[in-house]
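J.: coordinates only, sequence not included:
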Ligand code: PEP
């Protein structure tokens with residue numbers, strides 16, 4: 001199955017109006033030419049309007065890093081999916097491990113956020129991944145399975161149809177690889193991505209073929225090719241390297257080339273010339 005790669009920058013708690021302007025302008029110069037990859041940046045809420053102004057009509061998407069589990073009401077400081085959608089966002093990250101680690105987000109809360117995102121017409125990038133202790137304890141698949149259960153079986157038919165309609169994305173982000181400079185090996189990541197795809201297939205085989213499962217955890221220009229060449233790795237969620245224009249552009253270029261290579265490999269070879 002040929003799935004177009006997706007590379008998303010997660011800017012976390014970084015940026016200023018001036019720095020953003022420079023970075024976004026640089027991305028705008030280079031990324032629209034890459035037709036084989038979808039690209040986007042997820043910025044702090046307060047910069048969504050800036051992203052909308054700069055990236056409008058560029059082909060580069062933008063999104064939020066979270067949305068509230070509430071839709072409206074007396075919830076000081078919360079920002080709803082509907083509000084975010086008003087700023088032209090395509091994406092929102094949900095359940096990032098930095099949110100889960102702060103104990104702010106259980107699987108249940110993450111699922112509520114996911115539902116709100118879908119009802120607002122956003123494409124959720126739903127993050128799953130194990131800690132180092134869990135991996136060392138041979139529990140990685142169990143943990144990821146638990147995090148995925150709400151997505152696979154917890155959504156009713158209407159919500160699952162929305163997940164398909166808005167192309168929900170799963171991000172496999174081993175916690176030990178985030179921001180550490182240590183990435184999962186391509187084989188480790190591929191194994192988990194195939195496992196996640198298999199879980200989605202338990203609910204819907206066709207969607208499992210289409211859903212994009214992206215990898216996050218210290219992806220950088222030097223390791224992007226080996227990771228993105230894996231059959232079930234459909235892109236990247238990029239933290240640190242997304243803040244350096246040349247690094248982010250290089251990863252997007254690599255993803256673009258990977259699709260071209262895959263397409264060539266899938267094309268039937270011409271018949272042998274016979275005399
Ligand atoms: C992330 O925060 O989602 C992430 C993958 O960060 P980094 O690329 O810095 O590991």
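T.: Received, thanks. Quick caveat: nothing in here was measured; it's all calculated off a predicted structure.

J.: List the contacts of the residue of the stretch 101-250 of the chain at minimum distance from the ligand.
T.: Using Cβ to the nearest ligand atom, residue 239 is the residue of the stretch 101-250 of the chain that sits closest to the ligand, at 2.1 Å. C-betas here are computed from N, CA, C, even on glycine. By Cβ atoms under 8 Å, 6 or more residues apart in numbering, the residues touching residue 239 are 9-10, 12, 178-179, 216, 218.

J.: Restrict those to the buried ones and give me that as a PyMOL selection.
T.: Selection of buried members from these for PyMOL, criterion 16 or more other Cβ atoms under 10 Å:
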select buried, resi 9+10+12+178+216+218
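
J.: Of all the contacts of residue 239, the one with the weakest confidence?
T.: pLDDT is lowest at residue 179 among the contacts of residue 239; the value there is 92.

J.: Do I have it right that that residue meets residue 240?
T.: Yes: look at residue 179 against residue 240 with Cβ atoms under 8 Å: they come within range, at 6.2 Å.

J.: Now list whatever residues contact both of these two.
T.: With Cβ under 8 Å, 6+ apart as the test, residue 179 and residue 240 both reach residue 218.

J.: thinking again about what came up before, gap between the residue of the stretch 101-250 of the chain closest to the ligand and residue 182?
T.: 13 Å (Cβ to Cβ, to the nearest Å).

J.: Identify the contacts common to those two.
T.: Shared contacts of residue 239 and residue 182 (Cβ under 8 Å, 6+ apart): residue 218.

J.: what sits opposite residue 236 in the beta ladder?
T.: residue 7, residue 215 (DSSP bridges).

J.: what's the neighbour count on it?
T.: Using other Cβ atoms under 10 Å, the number of residues around residue 236 comes to 30.

J.: cool, and the one 5 residues further on?
T.: Number of residues near residue 241 (other Cβ under 10 Å) recorded here: 21.

J.: Now that we're looking at residue 102, what pLDDT does it have?
T.: 72.

J.: So in the chain, which helix runs the longest?
T.: helix 245-266 (DSSP state H).

J.: and it, which residues are buried?
T.: The neighbour-count check on helix 245-266 (16+ other Cβ under 10 Å) flags 245, 247-259, 262 as buried.

J.: you'd agree residue 219 is in a strand?
T.: No: using DSSP: H, G, I helix; E, B strand; the rest coil, the secondary structure at residue 219 is coil, not a strand.

J.: For burial, what's the neighbour tally of it?
T.: 31.

J.: Excluding chain neighbours, what is closest to it?
T.: Using Cβ to Cβ, 6 or more residues apart in numbering and skipping residues adjacent in sequence, the residue nearest residue 219 is residue 236, 4.4 Å away.

J.: From residue 225, how far out is that neighbour?
T.: 11 Å.

J.: How about residue 232?
T.: 16 Å.

J.: Looking only at neighbour counts, state which of the two leads.
T.: Per other Cβ under 10 Å, whichever of residue 232 and residue 225 has more neighbours is residue 232, with 20 against 16.
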